[in-house]
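S.K.: next input, structure requested:
(chains A and B)
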Protein chains: 2
Amino acid sequence: MSASMVFTDCSSSTNAARLLPLRRRSPLLRTNNGVVFPRRLINPIPPRSLAIHSSSSPSQLSWGEIAAEVLRMKDAIGTVPGLAVILVGDREESATYVSKKKEACEVVGINSFEVHLPEDATEQEVLNSISGFNEDPSVHGILVQLPLPSHMDEQNILNAVSIEKDVDGFHPLNIGCLAMRGREPLFVPCTPKGCIELLHRYGIPIKGKRAVVIGRSNIVGMPVALLLQREDATVSIVHSRTKNPEELTRQADIVIAAVGKTNMVRGSWIKPGAVVIDVGINPVEDKKKLSGFRLVGDVCYKEAKEIASAITPVPGGVGPMTIAMLLCNTLISAKRIHNFQ
Amino acid sequence: MSASMVFTDCSSSTNAARLLPLRRRSPLLRTNNGVVFPRRLINPIPPRSLAIHSSSSPSQLSWGEIAAEVLRMKDAIGTVPGLAVILVGDREESATYVSKKKEACEVVGINSFEVHLPEDATEQEVLNSISGFNEDPSVHGILVQLPLPSHMDEQNILNAVSIEKDVDGFHPLNIGCLAMRGREPLFVPCTPKGCIELLHRYGIPIKGKRAVVIGRSNIVGMPVALLLQREDATVSIVHSRTKNPEELTRQADIVIAAVGKTNMVRGSWIKPGAVVIDVGINPVEDKKKLSGFRLVGDVCYKEAKEIASAITPVPGGVGPMTIAMLLCNTLISAKRIHNFQ
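M.R.: Residues are numbered from 1 along each chain as shown, chains lettered A, B, ... in the order given. Just a heads-up that it's a prediction; the model follows:
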């Protein structure tokens, strides 16, 4: 048995795009209005043995509708959504993420603002930048790129972001609303939202399914577990203190790995036919690469793809969805602030 | 195999009190200072087959230290903690709960305030009462007895309670902090806190254990799952959409049932030796009772006690712990507001 679908953004793929009609997506992404986007977000290779929804007709996704909405808003009220990113220090990885986010903003027409502070900046300098963006009416989303230098109090800094502009969705008030039935958060954290979007877009049912989330971080594991539960999955969270992570994971119809350990989830952990979302992005040495390393996930892809019915690759699976969700949250924020429907 | 410990408050029991030394309890409850309390909170019958911590020496719990702390605070700064309860309508059950809470306040010396509004009161009247208590410096905790009449917006009303006085811990900001690693809520919801306290007091290990929470309500299921996870249990939540609740529950070392369905959890759901906390309080017809009904839990006690190593009875298990935690939260609130250590 081998993976019937691979969620990927390999835009260079020569496989015939075989994409499934979108289900339960946010209205923003419901149609493809033809705006060109440089990478296809999702481009599965043809199913090999387990075909999910093999009767579905091909489709294609783009960030077109976000761009269209941005344009419509500009035409109607003269406002362009704006995303501000605060980067502290010179971590190469962080710089790459930030430049990807900026690039994505450009593509869909969202204004981007950036403050880049040196590694030895003071906490107060970061707080001053946040305060400036909080008050700036042209900024609708504020993102502090993590991790911060160790001499800074992350919680204190994240708390300073105005809840109306917290497009990362990490404010405890947002998380609380995410956890509670009958409440709606202002923003859903981007990576967890991206994981669920992937499932929706591929028509993978969540309701009533057993889901195992590996990892319980504030930014992925915990919120994605809350989201899965909102979708009526039966959720278990596996973490460093779990005694038989393999045994429990093997019960899952949906596995979301977000733990940051290279190839931790082996093929034997996966129930045949399960759907696997790999959130891990771990650099491993690779002398064949110019950079000297390549990125791998938390799941041993080679083994898991032989057993899962669908799996996201690393890189190219969850990453691009995270950026899409960030753009989406920024647009939502601008619309809400300007009361634009 | 039969339950070795029954968590109960049967103060009329003639069994020798065989209580375990307290572990990891809140500082408030660490010692018994001899203040007399009318009911023993926890009074297990002697273990029958599976003895947990059989080497532990007997001990006894009381609300003594809360009373002592209240007194110490009064002597030191002249302030007595105050709890305000808002009751709307004439539901007999609600009235009983409220009177139990008032009684408990009296015992430990906490001032209690009550507003009782008629069933046909307006939402605005409830909001006015809350607003009054929010501003009243002699009130440190505000509790709106649920359920509210159907013509009222529960969320709107609960949101009106000042977060500093939200001793029920239901504010989404509190729940968010409960969900997040590295954050601390102002208040932990009383019933979930009571469940964990019971486990601690009986020295039942949580770390690394498989826990199944049955039910995902905002007031019990979800927060108790978050608390168990904070204690390093591996948590799964079973709910109405779960396909094999029995199978999953049978994997658990700790089962917490909070679903509101009479005898839903049968003996066959319990792993031999598991610990069972039954939060359900369901009235069933009983012509032998003066009231015409008796209260039973979500767990079929008769069956489960033969299989579990420890189980809470209904009534008398979780209920008294909930009230204890409410007193505890009120004291914590008063101390925080008055910056009293």
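
S.K.: thought residue A:186 was touching residue A:163?
M.R.: Yes: with the criterion set as CB atoms under 8 Å, residue A:186 and residue A:163 qualify as a contacting pair; they are 6.4 Å apart. (Glycine included, C-beta is placed from N, CA and C.)

S.K.: low-confidence ranges in chain A?
M.R.: Of all residues in chain A, those with pLDDT under 70 make up the ranges A:1-62.

S.K.: helices of that one, start to end?
M.R.: Read by DSSP state H, chain A holds these helices, from start to end of the chain: A:64-77, A:92-108, A:123-135, A:154-160, A:172-179, A:190-201, A:221-230, A:245-249, A:301-304, A:318-337.

S.K.: returning to what we had before: more neighbours: residue A:186 and residue A:163, which one.
M.R.: Counting neighbours by other CB atoms under 10 Å in any protein chain shown for residue A:186 and for residue A:163 shows that residue A:186 has the greater number, 18 against 15.

S.K.: so what's that one up against?
M.R.: Residue A:186 makes contact with A:163-164, A:166, A:169, A:173-174, A:177, A:333, A:336 under the criterion CB atoms under 8 Å, 6 or more residues apart in numbering or on different chains.

S.K.: I'd like to know how far it sits from chain B.
M.R.: When CB to the nearest CB, to the nearest Å is applied, the distance between residue A:186 and chain B equals 11 Å.

S.K.: ok so, going back, of the contacts of residue A:186, select the buried ones using a ChimeraX command.
M.R.: Buried residues among the contacts of residue A:186 (16 or more other CB atoms under 10 Å in any protein chain shown), as a ChimeraX selection:
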select /A:164,166,169,173,174,177,333
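
S.K.: out of the contacts of residue A:186, which are close to chain B?
M.R.: Among the contacts of residue A:186, the ones lying near chain B by CB under 8 Å from any CB of the partner chain are A:173-174, A:177.

S.K.: can you report how many residues neighbour residue A:238?
M.R.: Taking other CB under 10 Å as the definition, residue A:238 ends up with a neighbour count of 28.

S.K.: ok, it - contacts?
M.R.: Counting by CB under 8 Å, 6+ apart, the residues that residue A:238 touches are A:212-215, A:245, A:248-249, B:234.

S.K.: out of those, which is nearest to residue A:106?
M.R.: residue A:215 (31.9 Å; CB to CB).

S.K.: ok, the closest one touching residue A:265?
M.R.: No: contact between residue A:215 and residue A:265 fails when scored by CB under 8 Å: they sit 10.4 Å apart.

S.K.: more neighbours, those two?
M.R.: Between residue A:215 and residue A:265, counted using other CB under 10 Å, the more crowded position is residue A:265 (27 against 24).

S.K.: tell me how far the more buried one lies from chain B.
M.R.: Here residue A:265 is placed at a distance of 16 Å from chain B (CB to the nearest CB).

S.K.: which residues touch the residue nearest to that residue when sequence neighbours are not counted?
M.R.: On the basis of CB to CB, 6 or more residues apart in numbering or on different chains, the spatially nearest residue to residue A:265 that is not a chain neighbour turns out to be residue A:299, at 4.3 Å. Under the criterion of CB under 8 Å, 6+ apart, the contact list for residue A:299 reads A:255, A:257, A:263-265, A:276, A:278, A:280, A:311, A:314.

S.K.: tell me the one of the residues you listed nearest residue B:100?
M.R.: Nearest to residue B:100 among the contacts of residue A:299, counting by CB to CB, is residue A:255 at 45.4 Å.

S.K.: is it correct that the closest one is in contact with residue A:210?
M.R.: No: under the contact definition of CB under 8 Å, residue A:255 does not touch residue A:210, with a separation of 9.6 Å.

S.K.: tell me which of those two has more neighbours.
M.R.: When neighbours are counted by other CB under 10 Å, residue A:255 comes out ahead of the other of residue A:255 and residue A:210, with 28 against 22.

S.K.: which residues touch the residue lying closest to that one once chain neighbours are set aside?
M.R.: Beyond its immediate neighbours in the sequence, the residue positioned closest to residue A:255 (CB to CB, 6+ apart) is residue A:276, lying 4.9 Å away. By CB under 8 Å, 6+ apart, the contact list for residue A:276 reads A:255, A:257, A:265, A:270, A:299, A:304, A:308, A:310-312.

S.K.: run a quick neighbour tally on residue A:275.
M.R.: Other residues lying near residue A:275 total 30 when counted by other CB under 10 Å.

S.K.: partners of the spatially closest residue to it that is not a sequence neighbour in the sheet?
M.R.: Closest residue in space to residue A:275, ignoring its immediate chain neighbours: residue A:310 at 4.6 Å, by CB to CB, 6+ apart. Note on residue A:310: beta-bridge partners residue A:5, residue A:275, judged by DSSP bridges.

S.K.: separation between residue A:310 and chain B?
M.R.: The spacing between residue A:310 and chain B, counted by CB to the nearest CB, is 20 Å.

S.K.: so how far is residue A:110 from residue A:103?
M.R.: With distances defined as CB to CB, to the nearest Å, the gap from residue A:103 to residue A:110 amounts to 11 Å.

S.K.: got it, and residue A:86?
M.R.: Here the distance between residue A:86 and residue A:110 works out to 16 Å (CB to CB).

S.K.: about what we covered before: what's the overlap in contacts for residue A:215 and residue A:265?
M.R.: With contacts taken as CB under 8 Å, 6+ apart, the residues that reach both residue A:215 and residue A:265 are A:257, A:298.

S.K.: now do the contacts for the residue lying closest to residue A:88 once chain neighbours are set aside.
M.R.: Counting by CB to CB, 6+ apart, residue A:88 lies nearest to residue A:117, which is 4.7 Å off, once chain neighbours are set aside. When contacts are counted by CB under 8 Å, 6+ apart, residue A:117 touches A:86-89, A:125-126, A:129.

S.K.: give me that answer again for 7 Å
M.R.: The contact partners of residue A:117, taken as CB atoms under 7 Å, 6 or more residues apart in numbering or on different chains, are A:88, A:125-126.

S.K.: quick one: which of the residues you listed is most hemmed in?
M.R.: When neighbours are counted by other CB under 10 Å, residue A:88 leads the contacts of residue A:117 with 25 neighbours.

S.K.: so who does that one touch?
M.R.: With contact set as CB under 7 Å, 6+ apart, residue A:88 has these partners: A:117, A:119, A:121, A:126, A:148-149.

S.K.: now residue A:293
M.R.: Residue A:293 sits next to A:283-286 when contact means CB under 7 Å, 6+ apart.

S.K.: where neighbours are concerned, which of those has the most?
M.R.: The member of these that has the most neighbours, counting by other CB under 10 Å, is residue A:283 with 15 neighbours.

S.K.: verify the stated contact: that residue with residue A:295.
M.R.: Yes: applying CB atoms under 7 Å, one finds residue A:283 in contact with residue A:295, separated by 5.8 Å.

S.K.: re earlier: pick out whichever of the contacts of residue A:299 sits closest to chain B.
M.R.: Within these, distances to chain B taken as CB to the nearest CB reach their minimum at residue A:255, with 14.1 Å.

S.K.: fine, thanks again, bye for now.
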